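only the shape, not the letters, is given here:
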């Protein structure tokens, strides 16, 4: 029995390797890495489909595109229709979308024929009534959405706004802090929407173990701590 977690994609992205040796005795046009429960998207002359760790196809159907499994669901494209299949290769729900993302925390971003974004559950049902110009994935029960007015807010898994503040751009919370942008530039906020410091930057990254890389307005790079103090230039 092959442990799918030990399988790697070759540097050219055309085959699978185990301990550096070619698996399955075949090169593909393209392969993507294995995801739980041990399935990988591949493309050959017949189209896109999924393989299991033994190199056997999951189903006979071929798609225009297949993606990896997340929460035991994989996004696939049939013609112009996007939907998800389950780990046995069957459709997870009957309807289709104009685009579909990958499931995160058992919810997934999709786009309908009106170019509106919203989230669905594992059965393909909306998890809230509203829709947005754009949605991001959920992380720790929070997602970023762009509203019709052009500003961004955080929502929870019921579609309710987490805080009253709106922003020009916005990131999800990471270790209780999120990246945000206003007219003066980028900065970090806490879970109430309060700024952590007064400075603004051209670009910033989330905090990594208490420190973040930021780009000053003059283009130089600096490391700051969670109080906004400049630690060193890099």
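Arrived safely, thanks for sending. As the structure is a computational prediction, the values presented were derived from the model and not from experiment.

list the contacts for the spatially closest residue to residue 130 that is not a sequence neighbour?
Counting by CB to CB, 6 or more residues apart in numbering, residue 130 lies nearest to residue 159, which is 5.5 Å off, once chain neighbours are set aside. C-beta coordinates here come from the backbone N, C-alpha and C atoms, glycine included. Neighbour list for residue 159: 119, 127, 128, 129, 130 [criterion: CB atoms under 8 Å, 6 or more residues apart in numbering].

what about residue 228? Give its phi and psi, please.
Dihedral pair for residue 228: phi 90, psi 0, per degrees, to the nearest 10.

tell me which residues touch it, please.
Residue 228 is in contact with 188, 196, 197, 198, 199, counting by CB under 8 Å, 6+ apart.

again, but for residue 107
Going by CB under 8 Å, 6+ apart, residue 107 touches 119, 120, 121, 127, 138, 157.

I'd say the first one and residue 110 touch.
So that's residue 119. Yes. If you go by CB atoms under 8 Å, residue 119 and residue 110 touch, sitting 7.4 Å apart.

spatially central residue in the protein, please.
A centroid search over the chain (CA atoms, centre = their mean) returns residue 137, at 5.4 Å, as the residue closest to the centre.

measure that one to residue 9 for me?
For residue 137, the distance to residue 9 equals 23 Å [CB to CB, to the nearest Å].

again with residue 100
Using CB to CB, residue 100 is found at 23 Å from residue 9.

buried residues in stretch 138-149?
Residues 138, 142, 143, 144, 145, 146 are the ones in stretch 138-149 that count as buried (16 or more other CB atoms under 10 Å).

grab the nearest non-local neighbour of residue 171.
Using CB to CB, 6+ apart, the closest residue to residue 171 is residue 179 (3.8 Å).

the one you found: what secondary structure?
Taking DSSP: H, G, I helix; E, B strand; the rest coil as the rule, one finds residue 179 in the strand state.

confidence score at it?
pLDDT recorded at residue 179 is 98.

which residues does residue 86 bridge with?
Beta-bridge partners for residue 86, by DSSP bridges, are residue 73.

wouldn't it be in contact with residue 103 here?
No. Look at residue 86 against residue 103 with CB under 8 Å: they stay out of range, at 11.2 Å.

residues shared between the contacts of those two?
residue 73.

okay, now the unreliable bits of the protein?
Along the chain, the model assigns pLDDT under 70 to no residue.
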